[in-house]
Every structure is written in structure tokens, then in C-alpha cells.
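Enquirer: Turn this into a model:
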Amino acid sequence: MWPDFLQGQPEQPVRVLLVDDDPHIRRVIAQNLTADLRVSLQAQASTVREARRLISRHAFDVMLVDLELPDGTGFQLIEQMKAEHPNAEAVVVSSFEDEARAMQAFEMGATGYLVKSSWFGSFAQAVLQVVNGGAAITPNLARRLLHRFEGRVQAPPARALRQGESASRSCERLSEREREILQLVSVGFTSPEIGQRLQVSVQTVNTHIKNIYRKLHVRTRAQAVSLALQRHWMI
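Expert: Okay, here's the model as predicted:
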């Protein structure tokens with residue numbers, strides 16, 4: 001059962017652009033996407049050049065993108081996508097389980113990072129997660145990122161600001177509930193799932209998330225998670 005209040009309905013499927021230079025991987029992902037009526041595969045590309053043209057010509061909601069392409073990187077495409085389609089979501093599909101690459105992708109606005117060799121979920125489900133406010137992250141990578149959160153629980157508030165950082169980039173301290181929600185967001189829970197776990201309404205969860213954005217001066221969930229990790233603002 002798929003609730004009718006979530007994005008991705010058979011009559012209005014989520015539109016996807018797929019970019020990967022490996023024809024076998026591309027075929028596997030395409031078959032997975034087209035098997036789900038809630039998702040519509042709009043176009044495919046195998047190079048940066050092809051993808052740039054498709055980004056400019058197509059309307060889409062999610063881009064699944066490999067980072068290593070014959071004529072460039074997926075980072076270039078994420079940058080272009082955010083400039084031309086600011087409301088679209090980017091999910092990296094990579095051969096490398098690399099925290100640094102994942103963090104760079106999140107900083108650029110990606111909301112997912114799937115490792116080809118260890119991803120055992122549905123690509124269609126990952127697409128549906130990100131368009132509904134969640135994050136799609138390969139489980140073992142998500143666990144490592146969560147451990148980084150836990151290791152910084154006792155970070156002193158004074159570290160929230162670096163010496164010489166401008167006042168405009170300062171942030172308010174997150175409340176205990178906001179930190180709890182940010183941790184759940186970081187491992188891929190959607191707003192409805194968070195509401196169910198915390199026994200609060202979806203509207204309440206989204207209000208907390210908006211407050212987190214305001215306090216951290218960010219615009220996306222991925223940016224909030226990345227900033228909290230980098231600057232030790234989590235708890």
C-alpha cells in the first residue's frame with residue numbers, strides 16, 4: 001500500500017533521469033525503475049556530454065548518477081542539475097563506498113548515495129524516498145555516518161563556530177528533539193516514518209525540519225546533515 005498523500009502515484013509518477021556508463025548497471029537499474037508504476041524513466045545517458053543535454057531538455061524529479069564517467073564526473077552534473085532544476089533530487093550510484101565522496105555529494109545537494117556492490121534495495125524505492133523528504137543511503141555507509149554523529153555527542157558548544165567565521169554563518173543550538181530528528185533523517189527515514197517512530201504528526205516533524213534548516217542556514221536535508229557533521233553542531 002502506498003499512501004495517496006505521498007509523491008509517486010501511478011497517475012503521476014516520479015520522473016527519473018539515469019546517468020551511468022556501465023550498460024549492464026544501467027539496464028539493471030532501468031528494469032527496476034520501469035517495473036514500478038510509481039516511477040517513470042524519462043531518459044538515460046552514459047557520458048557527461050549526453051547528460052548535460054538531457055538535463056537541459058527534460059523535466060525530471062530525480063537524477064540517478066554515477067560519479068565516474070568517461071568524460072567527467074557526476075559532481076559536474078549535480079552542479080548543473082541544481083542550477084537548472086533546483087527542486088530536483090540527485091542520488092549518487094557509485095562503485096566506491098567513500099565517506100569523502102559521499103560528503104562532497106551531500107554538500108552539493110545530493111540526497112542519496114548508493115554503492116553498487118552493496119546496494120540490496122530497490123532503486124525505485126530509493127527514488128520514492130528522496131522525493132518524499134527522505135535520504136537514500138547504502139545501509140553500511142549510513143551506519144558509518146551515524147557513528148560519526150555518535151562520536152561527536154560530547155563536542156562542546158564552543159566548537160560550533162570557527163575562529164574568524166562571520167556572524168552570518170553562526171547557528172543556534174539545536175534542541176534535543178531537533179537533533180533526534182536530524183539523526184533519523186541522516187539514515188534515510190522519511191517524515192511520515194519519523195512521525196510514526198516519535199509518535200507525532202508529519203506536520204510536527206516537518207516543522208522541526210524547517211527549524212533545523214533555519215538554525216543551520218541550509219536549504220536541504222542533505223546539507224543539514226553534512227553541515228552538522230563537518231562543524232560538530234550535532235549535539
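
Enquirer: I'd assumed Ala43 was in contact with Ala30.
Expert: No: counting by Cβ atoms under 8 Å, Ala30 does not reach Ala43; the two are 10.5 Å apart. Placement of C-beta: from N, CA and C, glycine included.

Enquirer: what touches both of the two?
Expert: Leu18 (Cβ atoms under 8 Å, 6 or more residues apart in numbering).

Enquirer: quick one: contacts for the residue nearest the centre of the chain?
Expert: Centroid-nearest residue in the chain, with Cα atoms, centre = their mean: Thr111, separated by 0.8 Å. With contact set as Cβ under 8 Å, 6+ apart, Thr111 has these partners: Glu89, Ala90, Val91, Val130, Gly134, Ala135, Ala136, Thr220, Arg221, Ala222.

Enquirer: Of these, which is the most crowded?
Expert: Glu89 (30 neighbours; other Cβ atoms under 10 Å).

Enquirer: contacts for stretch 131-148?
Expert: So stretch 131-148 is contacted by 6-8, 14, 61-62, 89, 91, 97, 99, 102, 111-115, 118-119, 121, 125-127, 129-130, 183, 185-193, 206, 209, 221-222, 225, 229 (Cβ under 8 Å, 6+ apart).

Enquirer: Just the ones of the residues you listed in strands?
Expert: Assigned to strands by DSSP state E, the following of these qualify: Val14, Val62, Glu89, Val91, Gly112, Tyr113, Leu114, Val115.

Enquirer: Is it possible to get TSV of those that adds distance to Leu54 and pLDDT?
Expert: Shown next, in TSV, are these (distance: Cβ to Cβ, whole Å; pLDDT from 0 to 100):
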residue	distance to Leu54	pLDDT
Val14	16	96
Val62	13	97
Glu89	16	94
Val91	16	96
Gly112	19	90
Tyr113	21	92
Leu114	20	92
Val115	24	89
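
Enquirer: Filter those down to the buried ones.
Expert: Val14, Val62, Glu89, Val91, Gly112, Tyr113, Leu114, Val115 (16 or more other Cβ atoms under 10 Å).

Enquirer: and of those, the nearest to Thr47?
Expert: Nearest to Thr47 among these is Val91, at 18.7 Å by Cβ to Cβ.

Enquirer: so what's that closest one closest to, chain neighbours aside?
Expert: In space, and not counting its chain neighbours, Val91 is closest to Gly112: 3.3 Å by Cβ to Cβ, 6 or more residues apart in numbering.

Enquirer: residues of the lengthiest helix in the chain that come out buried?
Expert: In the chain, taking DSSP state H as the definition, the longest helix is helix 202-216. For helix 202-216, the neighbour count (16+ other Cβ under 10 Å) marks Val202, Thr204, Val205, His208, Ile209, Asn211, Ile212, Lys215, Leu216 as buried.

Enquirer: related to what we said a few turns ago, can you tell me which of the contacts of Thr111 is closest to Ile25?
Expert: For these, the nearest to Ile25 is Val91 (13.7 Å; Cβ to Cβ).

Enquirer: which ones are touching the closest one?
Expert: 62-65, 110-114, 126-127, 130, 136.

Enquirer: and of those, the nearest to Arg26?
Expert: Leu64 (9.5 Å).

Enquirer: Please give me every residue in contact with the closest one.
Expert: Leu64 neighbours (Cβ under 8 Å, 6+ apart): Val16, Leu17, Leu18, Val19, Asp20, Ile29, Val91, Val93, Phe123, Val127.
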